[in-house]
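J.: Fold the following, please.
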Amino acid sequence: MGVWQNYKPVVAMLGLQFIYAVLSLSARAVTLRGMSPTVIVVYRQAVATLEEDVNWSYIGIKKFFLDICNRTHWIRMGGMDFSKPALAMIGLQFTYAGVALFTRAAFLQGLSPRIFVVYRQGIATLMVAPVAYVSRRKNSCRTNLGLKGFGWIFLASLIGVTANQNAYFEGIYRSSSTIASAMINLIPAVTFLLATFFGLEKVNIRSLRSIAKILGTIICVSGAICMALLKGPKLLNAEFHLPKSLFRSEGENWLLGCLLLLGSSFFWSFWIILQVRISANCPDHLYTSTWMCFLATLESAAVAFFAGENPEAWSLNSMLELGCCLYTGIVSAVSFFVQAWCISQRGPLFAAMFNPLCTIIVTIFAALFLHEETYIGGLLGAFAVIIGLYIVLWGKAQDLEEVKQGMDSKQVLKDESLDKRICKVDLEEPLLA
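T.: Below you'll find the model as predicted:
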């Protein structure tokens, strides 16, 4: 059974959730333009009735959904052990959506993105440090960081945390939480691009999986450009004329915000690549994460200081600002453990597949509660990014399958050589002692 085959139920359910989200947004848009909800229901049921009369088995759709149902039944029969990682990743996507929504609301109330990053990293450090200390005391085989390892951690904290988070949250402030959650789906494609540039990823033009990764990367980047440059007509909240001080930041620059979010994806992808060097120097992830959070706190404070932040801006003036800092700091600490556990249980592909769910959640809640204006151009760009994401993941799944087959073949050869040695020893032994 291939790697990708195991994830078909997950992909199918995520696709269904995306379809449901589009249905909700489309229904909201047409009702705002005067179409009666009763008429929508009548047309919807009529189309559904016509679809029931079509023999879908000839085009393979019935077989596809039967396969999904069978696999879903197999998952349920496996007990909670199989579903725990999926439930954990779904919970993480809701927490990530909460980060995007709460920070956007807090920024619009006056919280500085740069000061927010300092508070967030400080709280994350206070959360991770005690756990790392207890873990190192219980662990008899302690690994020393060394000057070289410390240098890699400093570089990772500077680029992957300080630069990444400052660009990300400044991008949320200048664009929208919906665009920010969609840009996260660029990370696998950008990571493939950077890994190829640094020689960590081999590209074979004649290989289908390499073509898939290249094509998916192009689609992802094109979708991101589409979100940044194309707006088109408003799909949702076109009739709202809200006070600028409440729902828009003064001097908002949409293009600059999108470019900052794109830059944050590159920073985070570079951080992922640096983890190879850091793990080679110090495999204790808790210890390195504590140092990374601590250094990022100092670096972010330096950025806020040299950016000329007003001293009064450091005070949190509302429960929303205080709750936002506490919530995101705790999420930063907890998400590290949860995501690391899910990756160890199901692999990195499993974790990456759930990223579009955050985009769906943020799009719906931002339109309902923050009254963010949803544009057709941005929505089409988000679709392109998600499609490109799954194309890249398919290519990576084929790589993992090839590596797995190679390891299995090596194990078979090893077992055969061991059997030959045993047979040789048995033949050399005398039958009668």
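
J.: buried set for stretch 150-165?
T.: 150, 152-153, 155-165 (16 or more other Cβ atoms under 10 Å). To be clear about C-beta, it is placed using only N, CA and C from the backbone, and glycine gets the same treatment.

J.: So for it, mean pLDDT?
T.: Per-residue pLDDT over stretch 150-165 has a mean of 92.

J.: which other residues reach that stretch?
T.: The contact list for stretch 150-165, computed with Cβ atoms under 8 Å, 6 or more residues apart in numbering, reads 117, 120-121, 145, 263-264, 267-268, 270-272, 274-275, 277-278, 281-282, 288, 291-293, 295-296, 299-300, 303.

J.: how's this protein carved up into domains?
T.: Per automatic domain parsing, the structural domains of the chain span 1-78, 87-411.

J.: With respect to those, which exhibits the lowest mean confidence?
T.: domain 1-78 has the lowest average pLDDT among those, namely a mean of 50.

J.: is it true that residue 286 touches residue 135?
T.: Yes. Using Cβ atoms under 8 Å, residue 286 is in contact with residue 135, at 5.2 Å.

J.: what about those two, which has more around it?
T.: residue 286 (18 against 15; other Cβ atoms under 10 Å).

J.: what's near enough to touch the closest residue to that one other than its chain neighbours?
T.: Distance criterion Cβ to Cβ, 6 or more residues apart in numbering; nearest residue to residue 286, sequence neighbours excluded, is residue 132 at 4.1 Å. By Cβ under 8 Å, 6+ apart, the contact set of residue 132 is 286-287, 289-290.

J.: Out of those residues, list just those in strands.
T.: Here DSSP state E is the test, and the contacts of residue 132 give no hits in strands at all.

J.: Tell me the one of the residues you listed nearest residue 214?
T.: Among the contacts of residue 132, residue 289 lies closest to residue 214 (Cβ to Cβ), at 32.7 Å.

J.: wait, residue 385 sits on residue 187?
T.: No. Using Cβ under 8 Å, residue 385 makes no contact with residue 187, being 10.3 Å away.

J.: the more surrounded of these two?
T.: Neighbour tally, residue 385 and residue 187, criterion other Cβ under 10 Å: the higher count belongs to residue 385, 27 against 21.

J.: secondary structure element for the more buried one?
T.: helix 376-428 (DSSP states H and E).

J.: Please, which helix or strand holds residue 202?
T.: Per DSSP H and E, there is no helix or strand for residue 202.

J.: can you tell me which residues contact it?
T.: residue 210.

J.: and the gap between it and residue 189?
T.: Distance, residue 202 to residue 189, by Cβ to Cβ, to the nearest Å: 17 Å.

J.: now swap in residue 229 and tell me
T.: Applying Cβ to Cβ to residue 229 and residue 189 gives a distance of 18 Å.

J.: These two: which has the busier surroundings?
T.: Taking other Cβ under 10 Å, residue 229 and residue 189 do not tie; residue 189 has more neighbours (27 against 12).

J.: ok, the more buried one touching residue 386?
T.: No. The pair residue 189 / residue 386 is not scored as a contact, 11.1 Å apart, by Cβ under 8 Å.

J.: Can you report how many residues neighbour the nearest residue to residue 330 once chain neighbours are set aside?
T.: Using Cβ to Cβ, 6+ apart and skipping the chain neighbours, the partner closest in space to residue 330 is residue 127 (6.3 Å). Residues lying near residue 127 (other Cβ under 10 Å) number 18.

J.: I figured residue 345 hits residue 87, correct?
T.: No. Between residue 345 and residue 87 there is no contact under Cβ under 8 Å: 11.7 Å.

J.: Residue 330 and residue 323: what is the separation?
T.: 11 Å.

J.: Which of these two has more residues huddled nearby?
T.: residue 330 (16 against 13).

J.: Could you single out the nearest of the contacts of residue 132 to residue 178?
T.: Once Cβ to Cβ is applied, the member of the contacts of residue 132 that ends up nearest residue 178 is residue 289, at 29.3 Å.

J.: how many neighbours does the closest one have?
T.: By other Cβ under 10 Å, neighbour count at residue 289 equals 24.

J.: I figured it hits residue 125, correct?
T.: No. Between residue 289 and residue 125 there is no contact under Cβ under 8 Å: 9.4 Å.

J.: hmm, back to that, turn the buried residues of stretch 150-165 into a markdown table, columns for secondary structure.
T.: As requested, the buried residues of stretch 150-165 are exported to a markdown table (DSSP: H, G, I helix; E, B strand; the rest coil):
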| residue | secondary structure |
| --- | --- |
| 150 | helix |
| 152 | helix |
| 153 | helix |
| 155 | helix |
| 156 | helix |
| 157 | helix |
| 158 | helix |
| 159 | helix |
| 160 | helix |
| 161 | helix |
| 162 | helix |
| 163 | helix |
| 164 | helix |
| 165 | helix |
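
J.: Looking at the residues you listed, which one is closest to residue 313?
T.: Distances from residue 313 to the buried residues of stretch 150-165, taken by Cβ to Cβ, are shortest for residue 165, at 17.2 Å.

J.: now that closest one: how far from residue 304?
T.: 12 Å.
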